[in-house]
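Student: Build me a model from this:
(chains A and B)
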2 protein chains.
Amino acid sequence: MALSEFSLIERYFSRLTGHRDDVTLGIGDDCALLQCPPGKEIAVSMDTLVEGVHFFADVSPEALGFKSLAVNLSDLASMGAEPAWFTLALTLPDSDDNWLQGFASGLARAAAEHNIQLVGGDTTRGPRTISIQVHGLVEQGHALRRDAAKVGDKIYVTGSLGDAGAALKQRLENWTPPELNAQDRQYLQERLEYPAPRNHLINIIGQYVNAAIDISDGLLADLGHILERSGKGAEIQTALLPLSPSLKKLPAELARELALTAGDDYELCFTVPAGLAPALEQDCKLVTCIGEITDTNSLILKDQSGKDITLNAKQGYDHFSA
Amino acid sequence: MALSEFSLIERYFSRLTGHRDDVTLGIGDDCALLQCPPGKEIAVSMDTLVEGVHFFADVSPEALGFKSLAVNLSDLASMGAEPAWFTLALTLPDSDDNWLQGFASGLARAAAEHNIQLVGGDTTRGPRTISIQVHGLVEQGHALRRDAAKVGDKIYVTGSLGDAGAALKQRLENWTPPELNAQDRQYLQERLEYPAPRNHLINIIGQYVNAAIDISDGLLADLGHILERSGKGAEIQTALLPLSPSLKKLPAELARELALTAGDDYELCFTVPAGLAPALEQDCKLVTCIGEITDTNSLILKDQSGKDITLNAKQGYDHFSA
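Tutor: Residues are numbered from 1 along each chain as shown, chains lettered A, B, ... in the order given. The predicted structure is shown next:
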């Protein structure tokens, strides 16, 4: 790291993100030095956000800072790993003080909420790009994986689906549905800009889970990863998809499509042995059962009228249209 | 990671980089899962390369792949950490098959040479940017740090200095010094494009070192980091600076300036207690003593005629001109 880069990172970021006992050496040397407790494994994930691809140029820097870390925290949640450390590679066209302060404050808010410490980074000049790598800790052999779904497992999701997708559709298509009032639009916008990764649910639901993933690309695409890696199929009751009060105001078919295919919600999708489902639902009110793992390699969607829509697991759920 | 991104990474990269026993889960889930052996700490560093800032648009993709990892490996070397795992965030304007194959092959070559495994990544569309994060392992409490130089320590560098800088100067200034023949120019170009990080010297020199850094921004800038973090000064005998046969052909003053200020050599600069210097020099022929740590906060340069140039440690060695 060049002196100027290091100073930039240090000035805006290093004091904002707490001090964990397992960080021997933080920002300021060639490497950070980190301690992994005995019996734990390290879960690592990285996500890059590019201006014009993953975010609009006019997004609030505070929201962008928050979301950049939140989407990575969501990957740790989906593995059942407790957040520990992160690094930041920030490419910026200029060093705009207001922008950096806003970005750092959003980042710091997400970091403080999840007790994760910034331990290093790199700042370079160029088109605005944010690349964050997170490290989490998980008991050896206890990580939640995509490849462990069993036939008969109940399929659950957290929270509600499709909200971020509705906000994105409003922005991209200049779409102003008459059913939504200002409060609804505000709610959907918050869901898009300040996703709440589900890390705090892991201690409750982790004990019941066979396979898990976070919903970043849409339920069908992400559940598709579980099915593909586990070599299984699924049947989903679309009438059970959890929808927010705002999304319920929209035409039912549109709301269903958003809940099935829109990304950016950062809810969890996971499978649970049928016998454990009642205990899970007793322990956690934020989850909804939406279907079941099957021994086919197809994903079958049932609508309210009982009509089946069958897709081939290999053809990619991301091209799904209802 | 979206399916398409994951497939892109997997197709070009995942089979090329070995399989370490301490990787429980590699590419293909929300996170990789990694095991840190008892008694070790994890050293983490990240570097971003942006087209037009850190590399030319017409650089060979094979060289770029090699160098992207090599510069990060150099950070591990400077901490005395053994390379273990890395992640890759790749932003590309298009998915050019030839480019990706070349880049992956250069990356794989550097990875194989240092037994480091790719464990995850993210591919996005945008201006060409490469961000690599490396993880290394080091005995707890044995990392080589910048802040541990002691008064009286001898200052050493590995290899030779200024070669990459001379190559860069040729390219940037369209400079064709008559002293250099085609073979010299080829040699200097190789030093710029395929830096050889000094990881394999760590087992030999690590036992002697008090403080260490790698020379990415130029000797004065990087030695400056050691001095600043250690609260010390230094005296450098510029006549002792190790120069390659090609650089020795240039006018002495120019060669000296390149060796002192040019970056991109990825040699190590480190300090050793004076009493251990003879044993170090016995064990390793690739190191040169260039000066000594002092109890001032100044860096004094002595030239062959005995003339002193004094710089204030706080003013930044990167603005140095001889």
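Student: separation between A:Leu144 and A:Gly224?
Tutor: Note on A:Leu144: its distance to A:Gly224, by Cβ to Cβ, to the nearest Å, is 17 Å. Heads up, the C-betas are built off the backbone N, CA and C, glycines and all.
Student: Show me how chain A divides into domains.
Tutor: For chain A, automatic domain parsing gives the domain ranges A:5-139, A:154-302.
Student: Ranking the ones you listed by mean neighbour count, which comes first?
Tutor: Ranked by average neighbour count under the criterion mean count of other Cβ atoms under 10 Å in any protein chain shown, these are headed by domain A:5-139 at a mean of 21.
Student: so how far is it from its chain's centroid?
Tutor: 15 Å (Cα atoms, centre = their mean, to the nearest Å).
Student: what residues are up against A:Gly162?
Tutor: A:241, A:243-244, A:247, A:255, A:258-260, A:262, A:265 (Cβ atoms under 8 Å, 6 or more residues apart in numbering or on different chains).
Student: can you tell me which of these are in helices?
Tutor: A:247, A:255, A:258-260 (DSSP state H).
Student: Distance to B:Ile42 and pLDDT added to those, as CSV?
Tutor: Formatted as CSV, the ones in helices among the contacts of A:Gly162 follow (distance: Cβ to Cβ, whole Å; pLDDT from 0 to 100):
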residue, distance to B:Ile42, pLDDT
A:Leu247, 43, 97
A:Ala255, 45, 94
A:Leu258, 41, 94
A:Ala259, 40, 95
A:Leu260, 40, 94
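Student: Quick check: residues of the stretch 151-300 of chain A near chain B?
Tutor: Counting by Cβ under 8 Å from any Cβ of the partner chain, the residues of the stretch 151-300 of chain A lying close to chain B are A:213-214, A:216-217, A:221, A:224-225, A:229.
Student: pLDDT at A:Ile9, what is it?
Tutor: Listed pLDDT for A:Ile9 reads 61.
Student: For the stretch 101-250 of chain A, which residue gets nearest to chain B?
Tutor: Taking Cβ to the nearest Cβ, chain B has its nearest neighbour within the stretch 101-250 of chain A at A:Gly126, 3.8 Å off.
Student: mind listing what that residue touches?
Tutor: A:91-93, B:50-53, B:127, B:129.
Student: Quickly note the distance from the residue nearest the centre of chain A to chain B.
Tutor: Geometric centre of chain A, nearest residue: A:Tyr266, 3.1 Å, by Cα atoms, centre = their mean. Separation of A:Tyr266 from chain B (Cβ to the nearest Cβ, to the nearest Å) stands at 11 Å.
Student: Is that residue in contact with A:Ala70, as I believe?
Tutor: Yes. Under the criterion of Cβ atoms under 8 Å, A:Tyr266 makes contact with A:Ala70 at 6.7 Å.
Student: Need the residues touching each of these two.
Tutor: Residues touching both A:Tyr266 and A:Ala70 by Cβ under 8 Å, 6+ apart: A:195-197.
Student: tell me which element the nearest residue to the residue of the stretch 101-250 of chain A closest to chain B once chain neighbours are set aside is part of?
Tutor: Leaving out its chain neighbours, the residue that sits closest to A:Gly126 by Cβ to Cβ, 6 or more residues apart in numbering or on different chains is B:Val50, at 3.8 Å. Take DSSP states H and E as the rule and B:Val50 turns out to sit in strand B:40-50.
Student: same deal with A:Thr271?
Tutor: Per DSSP H and E, the secondary structure element for A:Thr271 is strand A:267-272.
Student: what element comes up after that strand heading to the C-terminus?
Tutor: Strand A:267-272 is succeeded, C-terminally, by helix A:277-283 (DSSP H and E).
Student: CA atoms only for that following helix, dumped as PDB, please.
Tutor: Extracted in PDB, the C-alpha atoms of helix A:277-283 (Å, rounded to 0.1, in the frame of the first residue of the first chain):
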ATOM      1  CA  ALA A 277     -40.100 -28.100  11.400                       C
ATOM      2  CA  PRO A 278     -42.500 -27.600  14.300                       C
ATOM      3  CA  ALA A 279     -39.700 -26.900  16.800                       C
ATOM      4  CA  LEU A 280     -38.200 -24.400  14.300                       C
ATOM      5  CA  GLU A 281     -41.500 -22.600  13.900                       C
ATOM      6  CA  GLN A 282     -41.900 -22.500  17.600                       C
ATOM      7  CA  ASP A 283     -38.400 -20.900  18.100                       C
END
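Student: Show me what that helix is packed against.
Tutor: Judged by 3 or more Cβ pairs under 8 Å, 6 or more residues apart in numbering or on different chains; DSSP states H and E, the packing partners of helix A:277-283 are helix A:202-205, strand A:287-294.
Student: swap the cut-off to 10 Å and go again
Tutor: Helix A:277-283 sits against strand A:154-158, helix A:202-205, strand A:267-272, strand A:287-294, with contacts defined as 3 or more Cβ pairs under 10 Å, 6 or more residues apart in numbering or on different chains; DSSP states H and E.
Student: Would you verify that A:Ser160 is located in a strand?
Tutor: No. A:Ser160 is assigned coil when assessed by DSSP: H, G, I helix; E, B strand; the rest coil, not a strand.
Student: show me what contacts it?
Tutor: Counting by Cβ atoms under 10 Å, 6 or more residues apart in numbering or on different chains, A:Ser160 touches A:191, A:241-248, A:259, A:265, A:267, A:286, A:288.
Student: quick one on the thing from earlier: compare the mean pLDDT across the helices and strands packed on helix A:277-283 and name the weakest.
Tutor: Across those, the lowest-scoring stretch is helix A:202-205, with a mean of 93.
Student: what's the next secondary structure element after that one?
Tutor: strand A:211-215.
Student: Quick check: closest non-adjacent residue to A:Glu235.
Tutor: Nearest to A:Glu235 is A:Ile300, by Cβ to Cβ, 6+ apart, at 4.6 Å.
Student: three-state assignment of that neighbour?
Tutor: Applying three-state DSSP: A:Ile300 is strand.
Student: In this structure it contacts A:Leu227, no?
Tutor: No. A:Ile300 is beyond contact range of A:Leu227, at 11.3 Å (criterion: Cβ atoms under 10 Å).
Student: hey, what's in contact with both of the two?
Tutor: Contacts common to A:Ile300 and A:Leu227, judged by Cβ under 10 Å, 6+ apart, are A:233-234, A:294.
Student: Closest one of these to A:Gln170?
Tutor: A:Ala234 (30.1 Å; Cβ to Cβ).
Student: Confirm that that closest one sits in a strand.
Tutor: Yes. Counting by three-state DSSP, A:Ala234 is part of a strand.
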